[in-house]
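Visitor: The following block contains a protein sequence and its predicted model.
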Amino acid sequence: MSTSRLDRLRSRSRSAGRRLRRETRALLRIARWEVSRGTNSFDRRTAAVTVVVLLVAGGVFGGLVASGVGSVGVDSGLYRVGVAADSPYHDPVADTSALAARPPAEAEVVDGELRGGVDLLVRDGAVLVADSQKGQAALSTFRDAVARYNDRRLGEEPNRGAAFPVLVTLRYAERDSAPTLASAGGRSVDDGSSGSEASSDSSDAGEPGASGDSGGDGSSGASGSADSDDAESGGTAADSGADGGFEVPGLGSGVLRTESTGSPADISPPFPFGSLVLAFAFLVPMNFVAQAYGGSVLNERVNRRGEPLLVTPVGPGTVVAGKTLPYVLGLTAVSALVALLVGGGPLSVAAVVPIALLYLAATFLAAMFARSFKELTFLTVTVSVFLTSYAFVPAVFADVTPISLISPLTLVVRDLQGTGATLGQYLFSAGPFVGCAAVLFLLGVGVYREEDMFTQRAVPLKALDALDARIRGKRSMLTLAALSIPFVLVAELLVVAVLFVLPLELSLPVLFVAIAAVEELAKSLHVYAGFAKARFARTVPTALVLGALSGTGFFLGEKLFAVVQVVGLPSLTVGRAAFESAGAGIGPAVSPATALALLLAPLALHVVTAATTATGASRGREAFAGAFVLATLLHAGYNLAVATVVSGLV
Amino acid sequence: MISVTDLRKVYGEFVAVRGSSFDVEPGEIFGIVGPNGAGKTTTLKTLAGLVEPTSGETTVAGYDAADPAMRSHLGFLPEESPLYEDMTAHSYLRFFADLYEVPREVADERVADTLDRLELEHRDRRLGDVSKGMKRKVAIARSLVNDPDVLIYDEPASGLDPLTTNYVLEFTKELAAAGKTVVFSAHNLYHVEDVCDRVMVMNRGAVVARGTVPEIREEYGITEYHVYTTVPTPETAPAGERHRAVVESMDAVEIVRESAERAGGIVDDIRTREPSLEEVFLDIAADGDALGPRTVDGETERGTPDGAPSDHTPDAPEARR
């Protein structure tokens, strides 16, 4: 390398370094300014009231946590039970908060009937019940209390086989391991790693000793165990295998995990309610912080207040980063605090930060699109409801199905349960959130300029402006299509999550069309924006070139983001149907020629359909809508063909 | 200091600025005038790097206007004074000085000096609580925190009372005297006439006149000759004890003189009246329709707009009336 070239390189790197340092200083300056403005905008009284409210809320929440959430004593001492202190029933009553033990002398017994004083009377081994609804409720609670007490006592017995002669082994099978649409014989897609087995396995439950093998493969379902003292009795989800399989805490999964016995009485729904309630605590502060952030961004646009900033040497990206940094750090700190309170670890915080980023990114874009604070409120509420639902609902099924990992909140649930997560699971969960947040910020920064910031246009038109701002030429079609992949992944996972509870006869056809529509929209929206903004000549050859570039970009992005393989999501039938068209799941049994064809077929599909929509876009809105429908149908047909011919799903 | 060549800005189908070209010399105050929607603000924002031109070249202080490095040499005052109202004048100016990387000591001194020169009171009061004139002064002070070479002021006296207006205009002259180059737009043409060394008149997105105020007046204004005679003639009307004819050329004056002599009288006084810039401006603006439609399609149909300069000769008035 010549000396002059080296000098040029050194000079460039020095210049880049100087610029980086300058931008960093500006970023930090803007961040400090944002913090001081944020604190100045609160008067002392509001700040004091806020602190008090937060302390009260924290205290209440802490109390809930300390008391075990579900065992909050709202019904404490509700039912009075007359029972002697030396009665064997006294302890079960005393151990149950809803029951209050009273001396039998308080009971009013007339003609052998309990008339008052207490709701139940335990006397001479018999139970007298007051003739009222409350008496009946008290009796029911009393029975439960005695049963729990007995189970607990039996659980303490060294000879568990004697204590629990009847054991139940629960093995939850994935629903789509049941027979598929056309195959009556049933073809299990279970790969053995998910903790689910064919439902016929449940017949083992009654066989002596069949329950003792829990965790043998590291991933089996929950089971009560009569002879394995070292195994966690009841088999909660905590013993998930190293392969990250999922299983269901069928037995002994109380609101917060409690001792369980393996008795049939311990069977409970496989939902981690306690962990979910605690995980939800991470989401609550995000709504408040996002509101403040959105208001701050919109404030820059009101009356052109932010215009002078745009004339400084600081770039718009630095301005946005500086304004956003305090909110990111704030949410991270709050998440760490919540994690500390609810018993979460670094995984919880690491899982929540991507959600926080997406909250802020979506709010930022909403604030860049909104025409007024009123409109911003509507948009942020929409964002909040959607993201909260998207994060929370899948987490309900954290112990049931791997698809719950589409939400990073599932990682929080697993962290709170002590299950943990693999790196692949973390990337699968957090990747789309971080990707979406990055792209949303990118689009928002694109319109953080005088020409777009201060114009008043409807939100859809602003969205087109944001896409248009990122178009530099025809090659931008390739980039923008690839950048749409995180959104496509989120949307498709959402579709899969919604549809997987439906019968396959209904879910698969809807899935094919929905997936096709999502992808066609992702490939065509920026092309439409380009034509709408007169970036390109409205000719067929131009449209075909743009469509080909967009289709190719989408194909490349899709390949790059094929993380679905990481956690074996395609093991679900609906998951396979969703991602098969992308070339996922090509097995070793396929010949090289077929594999190549299967690899390139999606490319051809994306190019053809994107060219179709691009041609429509070049002719105006109505033609675009028609072309979009046509491309969606074409794409859905392709998906169906792949599922039928290659995968044999249908 | 500033060079603009064939600047053109199109928003969708709307042509905001069509092919304007001009130069501004160092230390000069250059005024841009024109009716609402003429393209003045778009031109100024293009110079400030806020608006990306559709085509054309714009150089400010030796940098392309789109180059972020240019902004270190620029002070921009928009038409409104949007300030962060929860800040004080001092903290607001210090914040911007930081963004321009002005060293702390220099910034403190410069901010204090500028606020003194602008006679700004209530420096520690929230900007939301000060008067409009004070806000304008703070905005002007902000445009100076980086000690720029070029100042772009869009309607600097807009909405201010006469006293503050006069103050702002005098301050602008002081800045130019100190070597700053000022590009200045205003609706009030008396201000332009008072402050600017040279003026560019825009209408419907096109530059329609350019030069010093006398040059423009000479080129585009109509000088009136008030000819007073001792006797009535066909050209005159009674004016007190005498008779007066208002004509627009010396040939017409000669005709009046001959008529007076034929009637046995003489021309005893001739007075000339120069048009004001406002009258010239109104004349030019009245011809706006001749510039044609401001849509891309309209331009395509017409070819080059009538008012657009055909070459880049800054000091020659290039537009036709």
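Guide: Sure, I can see it. Numbers count the residues shown, from 1 in each chain, chains lettered A, B, ... in the order given.
Visitor: Can you pull the residues of chain A lying near chain B?
Guide: A:22, A:25-26, A:29-30, A:33, A:37, A:40-41, A:303-315, A:449-451, A:533-534 (Cβ under 8 Å from any Cβ of the partner chain). C-betas here are computed from N, CA, C, even on glycine.
Visitor: Could you pick out the buried ones from these?
Guide: The neighbour count (16 or more other Cβ atoms under 10 Å in any protein chain shown) marks A:26, A:29-30, A:33, A:37, A:304-315, A:450-451 as buried among the residues of chain A next to chain B.
Visitor: which ones among those are found in helices?
Guide: Members of those lying in helices (criterion: DSSP state H): A:26, A:29, A:30, A:33, A:37, A:307, A:308, A:309, A:310, A:450, A:451.
Visitor: Report whether residue B:182 is found in a helix, as I expect.
Guide: No: using DSSP: H, G, I helix; E, B strand; the rest coil, the secondary structure at residue B:182 is strand, not a helix.
Visitor: For it, grab the count of nearby residues.
Guide: 24 (other Cβ atoms under 10 Å in any protein chain shown).
Visitor: hang on, isn't residue A:638 packed against residue A:604?
Guide: No: assessed by Cβ atoms under 8 Å, residue A:638 is found out of contact with residue A:604, at 9.3 Å.
Visitor: Show me which of the two is the more surrounded one.
Guide: residue A:638 (20 against 13).
Visitor: Setting aside sequence neighbours, what's the nearest residue to the more buried one?
Guide: Excluding the flanking residues, the one nearest residue A:638 by Cβ to Cβ, 6 or more residues apart in numbering or on different chains is residue A:605, at 5.1 Å.
Visitor: The one you found reaches residue A:637, doesn't it?
Guide: No: when contacts are counted by Cβ under 8 Å, residue A:605 is not listed as touching residue A:637 (9.8 Å).
Visitor: For the two, indicate the residue with more neighbours.
Guide: Using other Cβ under 10 Å, the more surrounded residue of residue A:605 and residue A:637 is residue A:605, with 24 against 14.
Visitor: what's the helix or strand for that one?
Guide: helix A:592-617 (DSSP states H and E).
Visitor: avg pLDDT for that helix?
Guide: Here helix A:592-617 scores 86 as its mean pLDDT.
Visitor: What helices and strands are in contact with it?
Guide: Secondary-structure packing of helix A:592-617 (3 or more Cβ pairs under 8 Å, 6 or more residues apart in numbering or on different chains; DSSP states H and E): helix A:504-532, helix A:540-560, helix A:621-641.
Visitor: and of these, who's closest to residue B:244?
Guide: helix A:504-532 (63.2 Å; Cβ to Cβ).
Visitor: Next, the angle helix A:592-617 makes with that closest one.
Guide: Interaxial angle of helix A:504-532 relative to helix A:592-617 (axes from the mean of the first three to the mean of the last three Cα atoms, to 10 degrees): 50 degrees.
Visitor: which helices and strands sit right next to helix A:504-532?
Guide: helix A:459-469, helix A:476-483, helix A:485-499, helix A:540-560, helix A:573-579, helix A:592-617, helix A:621-641.
Visitor: The ones you listed: lowest mean pLDDT?
Guide: Taking the mean pLDDT of the helices and strands packed on helix A:504-532, helix A:573-579 comes last: a mean of 51.
Visitor: Which helix or strand contains residue A:20?
Guide: helix A:3-40.
Visitor: Checking my notes, residue B:270 in a strand, right?
Guide: Yes: remark: residue B:270 belongs to a strand, assigned using three-state DSSP.
Visitor: Give me the helices and strands touching the helix holding residue A:20, please.
Guide: helix A:273-301, helix A:316-342, helix B:89-99.
Visitor: Tell me which of the ones you listed sits nearest to residue A:89.
Guide: helix A:273-301 (29.3 Å).
Visitor: quick one: residue A:495 from chain B, how far?
Guide: Residue A:495 is 36 Å from chain B, where distance means Cβ to the nearest Cβ, to the nearest Å.
Visitor: So what's the residue count around the closest residue to that residue other than its chain neighbours?
Guide: Counting by Cβ to Cβ, 6+ apart, residue A:514 is the residue found nearest to residue A:495 once chain neighbours are left out, at 4.7 Å. The local packing of residue A:514 (other Cβ under 10 Å) involves 21 other residues.
Visitor: same check, this time on residue A:440
Guide: Using other Cβ under 10 Å: residue A:440 sits among 23 other residues.
Visitor: Hmm, it is touching residue A:359, no?
Guide: No: if you go by Cβ under 8 Å, residue A:440 and residue A:359 don't touch, sitting 10.4 Å apart.
Visitor: Can you give the contact residues for stretch A:615-627?
Guide: A:524, A:527-528, A:530-532, A:536, A:538-540, A:542-544, A:547, A:612-613, A:628, A:630 (Cβ atoms under 8 Å, 6 or more residues apart in numbering or on different chains).
Visitor: I should have written stretch B:259-273 there, sorry.
Guide: Looking at stretch B:259-273 with Cβ under 8 Å, 6+ apart, the contacting residues turn out to be B:223-235, B:242, B:253, B:256-257.
Visitor: one more time with 7 Å, if that's ok
Guide: Stretch B:259-273 is touched from outside by B:223-231, B:233-235, B:253, B:256-257, with contacts defined as Cβ atoms under 7 Å, 6 or more residues apart in numbering or on different chains.
Visitor: And stretch B:216-236, by the same measure?
Guide: Taking Cβ under 7 Å, 6+ apart as the rule, stretch B:216-236 contacts B:199, B:209, B:211, B:239, B:242-248, B:253, B:255-256, B:259-260, B:263-275, B:277, B:279-280, B:283-284, B:317, B:321.
Visitor: how does it look with 6 Å?
Guide: B:209, B:242-248, B:253, B:256, B:259-260, B:263, B:265-275, B:280, B:284, B:317, B:321 (Cβ atoms under 6 Å, 6 or more residues apart in numbering or on different chains).
Visitor: What confidence value was assigned to the residue nearest to residue A:495?
Guide: On the pLDDT scale, residue A:514 gets 91.
Visitor: How about residue A:522?
Guide: 93.
Visitor: Residue B:215 versus the residue lying closest to it once chain neighbours are set aside, what's the distance?
Guide: Nearest residue to residue A:522, sequence neighbours excluded (Cβ to Cβ, 6+ apart): residue A:484, at 3.8 Å. Residue A:484 sits 57 Å away from residue B:215, taking Cβ to Cβ, to the nearest Å as the criterion.
Visitor: Of these two, which one has the most company?
Guide: Taking neighbours as other Cβ under 10 Å, residue A:484 and residue B:215 compare with residue A:484 leading, 28 against 16.
Visitor: and the more buried one, what are its phi and psi?
Guide: Main-chain dihedrals, residue A:484, degrees, to the nearest 10: phi -80, psi -10.
Visitor: From what I see, it and residue A:521 are in contact.
Guide: No: if you go by Cβ atoms under 6 Å, residue A:484 and residue A:521 don't touch, sitting 8.6 Å apart.
Visitor: Low-confidence stretches in the stretch 301-450 of chain A?
Guide: A:400-401 (pLDDT under 70).
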